[in-house]
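Novice: Test case, fold it:
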Amino acid sequence: MNIKKAAELSGIKTDNIRYYERIGLIPKITRTESGIRNFTEANIRTLKFVKHMRDAGVQVEPLTRYMALVNEGNPETKEERIEILKNQVEQLRTEIIEKQSALDYLTFKIENYMVQKLKVGILWDMAIKTYLKKKYLKKWLKNIIKQSHKSFCVGIFKRELLFFHAQRKKNI
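Specialist: Sure, this is the predicted structure:
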């Protein structure tokens, strides 16, 4: 089969297949008399294996070394092949830990925003109750300004309270 069909079956772009062949990651593909690559089922299995390894984050250099050892067919290289795979597993674990750390941080940021939003809602409810019960809007805002660590929250409170006050006046 030709390179286009091999790319479809393996999930690897045609340019990558050519590159992998050029650097020795995959064995040389036999060619027809007209020079067109003629892929076999064994070539497709090799391409699929390479794709899985690359998707797992295995670097080209160690994968090329591994594939060269496999293609030698020498059973004495088994330990070296295992060592290459173990190194790649360890590298992948490290990357997963780093990605998990980044995910945890992003999740923390989202949760932090949600907590701030909740605090704004609670303080807004307190502001309404304070305003309706005591009508000490200015005094209450001064207390919030003194206590608040987030200046943007104060701006939200002021805007919302002034809006509430204006709405209340319209209804009276």
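
Novice: Tell me which residues of stretch 57-66 come out buried.
Specialist: 58, 62-64, 66 (16 or more other Cβ atoms under 10 Å). Every C-beta, even on glycine, is put in place using the N, C-alpha and C of the backbone.

Novice: In TSV, list those residues along with distance to Gln88.
Specialist: Formatted as TSV, the buried residues of stretch 57-66 follow (distance: Cβ to Cβ, whole Å):
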residue	distance to Gln88
Val58	5
Pro62	6
Leu63	8
Thr64	12
Tyr66	8
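
Novice: Quick check: the two most widely separated of those residues?
Specialist: Val58 and Thr64 (10.1 Å; Cβ to Cβ).

Novice: returning to what we had before: among the buried residues of stretch 57-66, which one lies nearest to Val50?
Specialist: Leu63 (6.9 Å).

Novice: got a list of contacts for the helix or strand hosting that closest one?
Specialist: Using DSSP states H and E, Leu63 maps to helix 60-72. Here helix 60-72 makes contact (Cβ atoms under 8 Å, 6 or more residues apart in numbering) with 23-27, 46, 50, 53-54, 77, 80-81, 84-85, 87-88.
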